[in-house]
Structure formats: structure tokens, C-alpha cells
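Asks: sequence first, then the predicted structure:
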Amino acid sequence: MSLLQEEREIILSNEFVESFDFAEVTEFVKNASKDLFISHHFKNKPKGKMLVQPRGGFPTYKKQFELSEFFVKSNVDVLPLTIDSNTRLNDYATAQKMLRLSEENDVDMLNGYPLINHGYRTTRKMFTHFNKPVSLRHGTPDARLLIETAIASGIFEIEGGPITYLLPYSKNFPLDKAFLYWKYVERVCANYSGLNEPINRESFGPLTATLVPPAITIVVQLLEMLLSLEEGVKSFSVSFAQQGSMMQDAVTSEVLMKMARHYAEEIDCGDAAINLVYHQWMGAFPTNKDYAEQLINMSTVIAKLVGADKIITKTREEAAGIPTKEANAKTVANTQYTLGILNGLPKIVDAEEEEILTLEVQAIMEAVFNDPADTLWRKVFNCIKNGIIDVPFSPHIINHNNMITIRDAQKNIRIIDRGNVPIPDRCFKYERAQCDLTKDTTSIVNDIVHDIGIMQ
Amino acid sequence: MSLLQEEREIILSNEFVESFDFAEVTEFVKNASKDLFISHHFKNKPKGKMLVQPRGGFPTYKKQFELSEFFVKSNVDVLPLTIDSNTRLNDYATAQKMLRLSEENDVDMLNGYPLINHGYRTTRKMFTHFNKPVSLRHGTPDARLLIETAIASGIFEIEGGPITYLLPYSKNFPLDKAFLYWKYVERVCANYSGLNEPINRESFGPLTATLVPPAITIVVQLLEMLLSLEEGVKSFSVSFAQQGSMMQDAVTSEVLMKMARHYAEEIDCGDAAINLVYHQWMGAFPTNKDYAEQLINMSTVIAKLVGADKIITKTREEAAGIPTKEANAKTVANTQYTLGILNGLPKIVDAEEEEILTLEVQAIMEAVFNDPADTLWRKVFNCIKNGIIDVPFSPHIINHNNMITIRDAQKNIRIIDRGNVPIPDRCFKYERAQCDLTKDTTSIVNDIVHDIGIMQ
Amino acid sequence: MKVVTGVVGNDIHVVANRLIDLSLRARGFDVFNLGVNTYLEEFFDAAVETGADVILISSLNGEAEGWGREVRAIKSRYKTLDDIIMMIGGNLVVGSGNAEDIEPRYKNYGFDIVCHQIDLNTGLDMLEEFIKERNNP
Amino acid sequence: MKVVTGVVGNDIHVVANRLIDLSLRARGFDVFNLGVNTYLEEFFDAAVETGADVILISSLNGEAEGWGREVRAIKSRYKTLDDIIMMIGGNLVVGSGNAEDIEPRYKNYGFDIVCHQIDLNTGLDMLEEFIKERNNP
Ligand code: B12
Ligand code: B12
């Protein structure tokens, strides 16, 4: 705790940070309303009820307040707080300037809420007023200060992780640093978790949302979960986004949840709550907005089929640009309605697919554990560096980009080139057998191009 | 054939009927484009492709032509032709008057297309022009003349049947007459079926669309199919509408198709093609049009899950009133899009539910076959009269209305009072066991009221 | 209190009719339910026969307008029905229409209570209110 | 023909960039792909270094406008780039915008070919057309 304290002091010594009164923050968290904790809702919600959360963030307090108010009226279960991109890059000076401009004129000069500049004393007023759980969406590799401020503000769910907020979002931020910064975040979350209900951590399973095979998604989810539980976090959400084949989504959810529980127990963290979050389709959207709505509705149906605890929504405006708050509210209302009328959902199983996927995940996890490094984060770091973990379409320079995936006739994502990822031979043979690989290279490339925009 | 010929002459001797040239009609059917026959499309469509059909009909030739043109542009697979209600009641004089008024002014004085008054020579021009299969939607107990005219017009799919077009649509039209009039229809369809591709007959499975239990729906489908195949029809579509529970829809489809094939073989009609049609939700609709769209989209997903060969669409305007052609086109486009992105659908099974439903259907079918009457239609007639077949919420005076159904927690429709329907004890016990029947009568009545509008 | 109810014209939408029957009974009315597909004369005949206080008409399929226009003419032929409460509800036009136009029009046709796309229980509350006010003006 | 390509600014949307790379190669271009998150200077530096004929810039996340305004100023510092073909495409504004306004604005910034929300293959056809016309005016 003393090392943490030292680090704390360093990150707080910043001219844009208000003075932190940690004793007061501790008191606040201790006595905070249970309703602010999403972990509390996960624990107590009626069986089968899925929490609905939209996306959104505005620069000024006033506009963010109005957005939240609008969302509360629109029957959201979880409020989002999306952070602007300057704050994400720890550039609080620019954020400050743009916030001023946004407040003085009536134009939004930031693409999210600059939490550091507003500070926790102000922001806490907003969220204790609404008394709904809030989820912090950022994308920040060094989120240490951000998370301190968030928790002090009453934001008790933190999205992200060293892998999922880095590989899809960055070209060259040093990965080892990201691991260390996130270690700090986990510890802070863990420390506060003893005071009241636990702080919930959520991993960002969609990754690049582009032809990522389920084995990679699951491995990344499991590793971020383990890195978090290791530090003492007691409530964790694994997540993934609609993949394009219902069957593959069902199998992914099954394997993900089984393995998550298994590995949590392996490290003696069986007492932690593990939740499942499903993202409505995160890939390229149809430009026809009516079609976008069909796609979104289908995502909701699948979310229920796979038994998600929370769903994160998209809007009909996704292909066009930043959605209005009305579009967001409409999606929430539609999603809530659909969840209400989804009845008699069948259990879906595919024993062979489940076995293949389980073997793949086990093989990659084993390779990670067998890395000679001393700590888990170093093992994971090495495995990304040497391509044992390889995320298709990651823009990051450390990522190998040697695994190649395409869709089979049923639109399942299949691995046709495994790069350095230790997919067992039997599984690899199975994956390739599902695809038509007799075509020439040009046709296969055309297939990949088509498969990216599969929902268009 | 000579008896038929006699009957033919009687129904044609009507001042509103154009003179029929049967030799010419026979030649026309013999040489008609295969594309006009839905039976041809059912046979040759790619595996898994579902035909999409909207609803709609207008009084004047011009408006009906425009509607069809609009539909063709909107990518429908099957054109609808909905008949006006005067024609349905064989009141061709009123239809004629209203058609004149509609043509002279710019107001639609009829709620559908008065096929008899337009005649087959005119109407055939329209449908050979578009060269798409057309489905005749009427609701006529005595449809003899209508079907002669339809087939001569190039309309090679006829919806309805003596039970499904009577019990939901009529208060006191004599049921025995309906059976005889439909026998004529089946024979005409059968006779024309030898000339080219078969004429397809389709039963109207939704019935009253209100808490009809699957056992009744299936029995009625099977009986109308048998009455049709008996007369020589070679292509038949059974149908049902979304019921409110996915699992129950899946089981219904499974049992319906298995039993349909079984009973067809029993009467040596195994060579007939049997298709499955799914109706998007037919019950009370939400007044919120966005919600209506969610519901419709969900229907499409289920249609694919149950493996339908054709889907009949609803619009977001269902609760409000007659939908515009734009609303219809939008639904078709959305449905086609959704069908296109529905991939990797899992197979759904529930062995226990399937067994229970199969036993119920078998028991009712056996009771029908055991009726002492000499012909199948008389047996069916007797069984409706004595309540062995009982359709909830039928307005017809012959229907017993003694079977009471409610929804269980999963929104499956369950029989809690079997009336005179021979539901086997074991099944009846199972059905009741799914429901909470400890409540008082008022609460149960309130539940039923709520269950009717389940999708609202 | 005696109520004659039914669905007017060639309309066969029976679900609301069944619910109206149940709800009226639950509120203590004596109900004479003529069911669907009932012509105007049949309502008046039944009212005379049973000595009803209320005629409660449903219409769902868009036919109401046509029948509404004939109410005054037909009712005037029945001497004993001057005081009967006339009520209509359901979907009173083809398409959706709007209540502000529809209500005065139907009052003009001779209805005391007009419930276009109004929920059943709200409608029956209106009926009970109307009866109370008439009894204690 | 040599093309330098990449995604401008802090934009990390990489999918289009990978497809552009493949498509240019398929059409016979020599491709120098700088990837995502590439600043304006880096494009020009690479063009000088490789002797490129074309700079093809992508922008997806709405940042293009900010960078576009600086093109003339920065490019003028490079003596040898007067004849280079400047092309930009993707999603060139925050939100959807409309192409009629956007195209002239970007031409004004110094771009020869502007493809706001235009399909990749159509855009590359435009490029080849442009090259042909320039060679045989
Ligand atoms: C189920 C249904 C059918 C079933 C009916 C089965 C049966 N026998 O009952 C079937 C499939 C057979 C059918 C057939 C037809 N239908 Co239909 N049907 C419906 C549907 C989907 C639901 C009706 C229902 O049961 N609702 C549930 C009950 C509980 O609600 P409700 O009827 O609205 O009643 C509530 C209120 O109105 C109110 N209420 C009713 N009466 C009164 C009276 C008073 C005093 C008060 C206070 C309140 C009140 O109380 C009820 C509870 O809140 C509606 C559309 C919708 N609403 O979603 C179309 C609808 C009513 N049908 C319609 C039509 C046109 C037809 C057809 C003519 C054509 C066709 N589509 O085939 C045929 C033939 C009918 C005929 N001859 O009249 C139209 C009417 C159009 C209009 N008014 O402009 C509708 C609106 C559909 C549409 N958009 O086209 N239909
Ligand atoms: C997948 C995706 C992501 C992934 C990206 C993974 C990765 N590293 O690539 C993730 C989830 C990480 C992500 C993150 C973000 N995203 Co994003 N993302 C998308 C999404 C859904 C699909 C993009 C895609 O891959 N399309 C498929 C490719 C093939 O199509 P394309 O990129 O449009 O390119 C085509 C054409 O534009 C054209 N083209 C492109 N360049 C050029 C150049 C020329 C010359 C020509 C001729 C043609 C051309 O060719 C391509 C093929 O036809 C879009 C929305 C959509 N379109 O549906 C949003 C979207 C682009 N993202 C957006 C935003 C704001 C972000 C974020 C800033 C915020 C956030 N939502 O978290 C972050 C951070 C990104 C950053 N720093 O830049 C916005 C941009 C808003 C705007 N322009 O107004 C969009 C539109 C979503 C939205 N509605 O808000 N995103």
C-alpha cells in the first residue's frame, strides 16, 4: 500500500488536478447508495433480467447532466460516461482549453466528458443526484488518475484493460507500461471494493470488431480477468460483441463463462462475481438506418439467447456519425421492449463446436502460462510480442497480424492461417475444413473484404 | 368431373361473371410461365431461402397494378391479392357499384380487389406482366367462383380452408356448406395441377391469433391438408403465426411438419409437396410503431429458426389502421435484410415438449378419425360441433369456446381447461403444472386479459 | 343496471367483446351480450326486450362511421328508448384518426359517451361516472 | 506508379487502410503504407523519400477537417512535391455531412481528388482516370 501511495502522489501532482481528500472519498464510498454499484444490481436483479446501457458523453457539465437525465427518463439501467480523447491521452491542458470554449460558445469542442477538469466534487453531484450505476468508457492506456477521480465521483464500474484498450486503439503506446498502469487501476478498484459493494471491472471484448476469432476473444477476456482478480477485484464482467453467426455466439458465451469460472477458481478467486456483457454489433454498420435497426434488434435477441447480464447498445446512426441523444434513447426503449417480449428462449448447444473452441482456448492459455516470465502480466506481454496472442486488424505495431480469418458458409469466423498462435492441429484442421479453400488467393481476399462488412 | 361441371355451370350463371372460355384457360395454365407458380419456387429455391410476402389489395385495376409494381421493386418474392369484403360475401352487385365509384372519384370504396368484377381476362394481364407468383387472400366461405377466376387470372396459390376461413371470420355461416364449397375449390385446384406445375393451397394457421394452443393449430392444419390432398392437390402449405414463446414456436414447427408428412403418407399422398409458412405476430400489436418494428423483426428471426419456407409480413402500422404501401415495402425490405444477415442458426429441440404436443395432436386426430361419419369432412364437422376441436376466441356460434388457455412464465400457451377436447390426462397434467393455478379466479382472468396483449 | 353490448356490423373481432363482458360483470352490471356481427336494430330490440339502461357498442374494423350515421333515425322508431345511455368505443374510423374530431361527430350521431381508442377500464370508469352524475345531478 | 498511403491524425481505424493496401497492389501500384495514426509531415516526408506520385490519405473518425486546413502550408515547405497527386477519402467530417459542400472545400485545401463516403473501388477508378488524363491531356 505504501508503494501505491507513492505512485498516487506522483499522478496527483498535476496542475489540473483538484486536491484529493482521500479520507472523505473513503467515507463517501463506504456510505454510498447501493444503487450506484452495478455489482449490487448484478447480484440482485431478477433472474434473466438484462441491464441496458447506451453510449454517450458531452464536454460540459450541463450537457452531460441533460444527457443523463434524458437517459434516466428513457429507462436505461446503466448510465455511460464517455471520456474525451484529450483526457484519454492525459493531455489535460488541451481538454481544459476546449472545455472553456465549449462552455463559452454553444459548440462541443470535445468528443466526451473531461472528467479530470470537472473534478470529482462536481461530478459526484451529478451521479448521486441520479442514483443510477455509471460505467466509465474511456480507452486510456494510463488511466490511473482517471480512475481515482471516477471512483471519487461515484462511478463504480470501470471498463477497459491493458490489452483490450490498447491493441485496438493504439499504434505504438508501450504495452509494458500499459500493463503497469492497469495494475495500479486494479489495485485501486480492489482497495475500494472492501468498503461497500465491490467496484466492477469490465473488459472490452469486441477488440477491433473485425473478424476476431472467438478463441482470441476468450483468451484475452480470461487474461484480463485474471490480471484483475489477482489484484483483489471481486466483481468482473467479461464481454464480447455479436460475431455474425448465432451458433458461434452461443458457443462463445458457453465456453467463455465456463472457462472464466474455472480459471478464477484455479487462482482461488472463486468468490468473485463474474458477469457477461454483450455488445450489439460493433463492426461496420449498414448505411441504411432501417437496416441498422434490424441488425440492432437481432443483436438483442442473441444477447438474450446467450444469457447476457448486460447489453451495450448501438444506434441506427452508427454508420453516419456520432448519434444524437434521441437516437440513443430510441435504441434503449426498443431494446427494453424487445427484452420484455423475448420469451421461451431455448437452450442452444453444439457439442463439437464447444469442444473445438475449448481445446483452442486451453492450448493458448497453456502457452501463456508456460512462458518463462515470473509474473502473469509479463507472460502475457511476451505472448503478444511473440504472436502467441494475435488480434486480427489491430493497428498496434507490437501485434503480429499473421493470423488470417475468414467466414464459412454459416458466417462463423474461421482461422485459415494460425500465424504463431498455438491452435492445436486437430482444431486447425477442423476450422479450415469448414471453409472453401480451393479458391485462388484473389477470391479469398475478396471474401475477406466482403466478410468484414458482413452485416451491410 | 361431370358433377363438377354441373356445379360449375351453376356458379357461372351470374350476371356479374364474364363468359368463361375453359379451353382457353386450360391452354393458358398449360403454357404459363413457371415463375407464376409458387410451387415451382418452393421446389427450386436455394436451401434455407425464405420467400417474403406482404399483405395488400386495392379496388381499381390501376391502383392494384401500382401496388404490385411497387412491391416488385421492393423485392417481394410473392405478390398478395387481397379481395374486398363484398366479394367475400358473394355480393358482386355492391362490389360493382363501389368499384365504379372508386374509379370515378379518387377514393377507395372497397377494402380489396373485386376480382369477379374485374374478370380474369383483365387481371391476367397484370400478373403475366409482373411474372411473379401471386397469393390469393380472401376469407370467403363460398369461394368457388373466386377460385375459378383466380386460376384463370394466373393466380396459382389459394389461401384458406373450410375451418380456418370460417371459425375466426364468421359468426353463423353454415359450416357444412363451407366444407362442400371448399371441396369444390380443392378439386378445381387439383384438376389444374396436372397441366403444368401444381397449384399451391395454403391453410390459414393463425386462426383467431389469440391464445390458440399449438395442439389445436396443428390439428386444424393437418385436417385441412388432408381434405385438400384427398381431392388431389399436390402442393400444400401448412402455416402458423408467432405464438409468444420461441421454444413453443420451434416445437410447434417440428411436430407440425413431422405429423404432416406422416398423415400425408397414411393416405398415400406422400408425393405431395408440403411447405411451412410462418406469419409474423398476428395478435394485438403495440401502438408504439417503433416497438411494432422490433416485434416484426423478432418474428423474422423466429421464422428462420423454425425453418419456414415463406413468411407473411406485418407492418409498423398494424395497431393504427390499414397500412400504406410504403409501410408494406419497408417491412419487406427490412425482412429481406434480416433474413440475409441471419447466420449460423442453431437447431432447437425440447424432447419433452415435443412428446407432449405429439401425444395431444395424435389424441385429437384419433378422436376425429373415430367419429362414425362416412367421410373425413363430415367427421371434422361433427368434431367441431361436439367440441373435440375448440378454437379459443372464435366468434362462430358452432364453436364450443370451452377450452381455456393461459400463458406460463415462459409465455408458452397452456391449456388449463380442456373443455371437450380429448387432451390425454398426462398431457393435461403437464400443461397445468407449468402454470400458477393457486391464484383466485379474478387474478387468472386478469392474467388472460394480460396474455392476450402479450406483445404490447 | 342492465347493459346490452355487442360488436356492430360485419365486424367479427371478438376479443374485446369477451373482455367487455367479463369486465362489466365484474363491476356488477347485468350483461346481455349479443356478440360480434350485430346490426343496429338488434341492439335496440334487445334493449327493449330486456329493459336495458345502457347500450354499449364496440367497433374495431373501421365500420363504425357508416353505422353511426343511422343511429338517430333507427332509434327514433323505438318509443321507450329516449333515456337509454348510448356508448360506443373501439377503433371508430378507418385508419387512426384523432379523438378531437371523432368525439363531437359521434356525440352528434346520438352517443352520450364516445371512447375512440380508449382503454376499456377508463371507458367503464367514464360510464360509471356518467351514471352517477345523471342520478345526482 | 508509387503511392504513399495512411490514415491521418490520431485516427486508428485500420480496416480501410488494410483494404486500400491490398487494392492498390492488385491494381499494380507500388505501395508505401504508413498505417494509422500518421501525421501530415510523415506523408510528405515519405513521398520525398520514395519519390511517390500519389499521396492517398484516409480519415474515418472525423478528424480530417482539422488536418485538411494545414495541407497547403505544410506542403509548401517541400520543394519537390508540386506535381504530386493529392487524394483523400473516408468519412471527411464529424457526422454525415454532404458531399456537395465537402468536395469544393477540400479541393480548396489542396486535394486533387476528394472521396467523401465514396466506395474504395470507385475512388481508385477516379485515381486511374485522373492519371490517364494528366498523361494524355
Ligand atoms: C386479431 C385481429 C384479427 C383476427 C380476429 C379474430 C377474432 N375473431 O377476433 C383476424 C385475423 C381473424 C382478423 C381479421 C380481420 N381484420 Co383484424 N385485427 C386483429 C388485430 C391484430 C388485433 C385485434 C385484437 O384482438 N385486439 C385485442 C383487443 C383486446 O383489443 P381491441 O380489439 O383493440 O379492444 C380494446 C379497445 O379497443 C377497447 N374497446 C373495444 N371496444 C370498446 C368499447 C368501449 C365502449 C370501450 C370503452 C373500449 C373498447 O377495449 C379493448 C381492450 O383495451 C387488429 C390490430 C391490432 N389492434 O393490433 C386487427 C385489425 C382490427 N383488423 C383489421 C381488419 C381490416 C381486418 C379484416 C377486415 C381484414 C384482414 N386483415 O383480413 C379481417 C376481417 C374482419 C371483419 N370482418 O371484421 C384492421 C381494422 C382497420 C381499421 N379499423 O382501420 C386492424 C386494425 C388491422 C389493420 N391495421 O389493418 N383480425
Ligand atoms: C470498427 C470501428 C471501430 C473499432 C476500430 C478498430 C480498428 N482499429 O480499426 C474500434 C471499436 C476500436 C473503434 C474506436 C473508435 N471509433 Co470507431 N468505428 C468503427 C466502425 C463501426 C466500423 C469502421 C470499419 O472498420 N469499417 C469497415 C471499413 C472497410 O469501412 P470504412 O472504414 O468506412 O472505409 C471504407 C470507405 O470509407 C472507403 N475509404 C476509406 N478511406 C478511403 C480513402 C479513399 C481515397 C477512398 C476512395 C475511399 C476510402 O473505403 C472503405 C471500403 O469501402 C465505424 C462505424 C461504421 N462505419 O459502421 C465506427 C466510427 C468510424 N468510429 C467512430 C469513433 C468516434 C470512434 C472513437 C473515437 C470513439 C469510440 N466510439 O470509442 C474510437 C477511437 C478511435 C480513434 N482514436 O480514432 C465514429 C466516427 C465519427 C465521425 N466520423 O463522425 C464512427 C463513424 C462511429 C460513430 N457513429 O460514432 N471504432
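Replies: The structure has been received and is ready for your questions. Ligands and ions are numbered 1, 2, ... in the order given.

Asks: CA only for contacts and neighbour counts going forward, please
Replies: OK.

Asks: so which residues of chain C form strands?
Replies: All strands of chain C, identified by DSSP state E, fall at C:2-7, C:30-33, C:54-59, C:85-90, C:113-116.

Asks: so can I have a markdown table of these showing mean pLDDT, distance to D:Leu124 and mean neighbour count?
Replies: Below are the strands of chain C laid out as a markdown table (pLDDT from 0 to 100; distance: least, CA to CA, whole Å; neighbours: other CA atoms under 10 Å in any protein chain shown):
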| stretch | mean pLDDT | distance to D:Leu124 | mean neighbour count |
| --- | --- | --- | --- |
| strand C:2-7 | 97 | 66 | 25 |
| strand C:30-33 | 97 | 74 | 18 |
| strand C:54-59 | 97 | 62 | 24 |
| strand C:85-90 | 96 | 60 | 21 |
| strand C:113-116 | 95 | 59 | 23 |
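
Asks: in a markdown table, list those along with distance to ligand 2.
Replies: Compiled in a markdown table, the strands of chain C are given as follows (distance: least, CA to the nearest ligand atom, whole Å):
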| stretch | distance to ligand 2 |
| --- | --- |
| strand C:2-7 | 50 |
| strand C:30-33 | 57 |
| strand C:54-59 | 46 |
| strand C:85-90 | 43 |
| strand C:113-116 | 41 |
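
Asks: what's the helix or strand for the closest residue to A:Leu226 other than its chain neighbours?
Replies: Distances taken as CA to CA, 6 or more residues apart in numbering or on different chains place A:Ala264 nearest to A:Leu226, at 6.8 Å, with adjacent residues excluded. According to DSSP states H and E, A:Ala264 maps onto helix A:246-266.

Asks: neighbouring strands - and their directions - for the helix or strand that that helix is followed by?
Replies: With elements assigned by DSSP H and E, the helix or strand that comes after helix A:246-266 is strand A:273-279. Using DSSP bridges, the strands paired with strand A:273-279 are strand A:235-241 (parallel), strand A:310-312 (parallel).

Asks: count of neighbours near C:Lys79?
Replies: 8 (other CA atoms under 10 Å in any protein chain shown).

Asks: for it, report the pLDDT, please.
Replies: What the model reports as pLDDT for C:Lys79 is 86.

Asks: run the angle between the longest helix along chain C and strand C:54-59 for me.
Replies: In chain C, assigned by DSSP state H, the helix with the most residues is helix C:120-135. Angle, helix C:120-135 to strand C:54-59, by axes from the mean of the first three to the mean of the last three CA atoms, to 10 degrees: 150 degrees.

Asks: and the closest residue to chain B within the stretch 151-300 of chain A, how far is that from ligand 2?
Replies: Nearest to chain B, among the residues of the stretch 151-300 of chain A, is A:Ser245, at 4.4 Å (CA to the nearest CA). Using CA to the nearest ligand atom, to the nearest Å, A:Ser245 is found at 18 Å from ligand 2.

Asks: okay, and for chain A, where does confidence drop off?
Replies: A:1-3 (pLDDT under 70).

Asks: can you pull out the strands in it?
Replies: Taking DSSP E, the strands of chain A run over residues A:51-53, A:79-82, A:134-137, A:157-159, A:200-202, A:235-241, A:273-279, A:310-312, A:404-407, A:413-417.

Asks: partners of the last one, with directions?
Replies: Right, the one you point to is strand A:413-417. Short version: by DSSP bridges, strand A:413-417 pairs with strand A:404-407 (antiparallel).

Asks: no further queries at this time; thank you.
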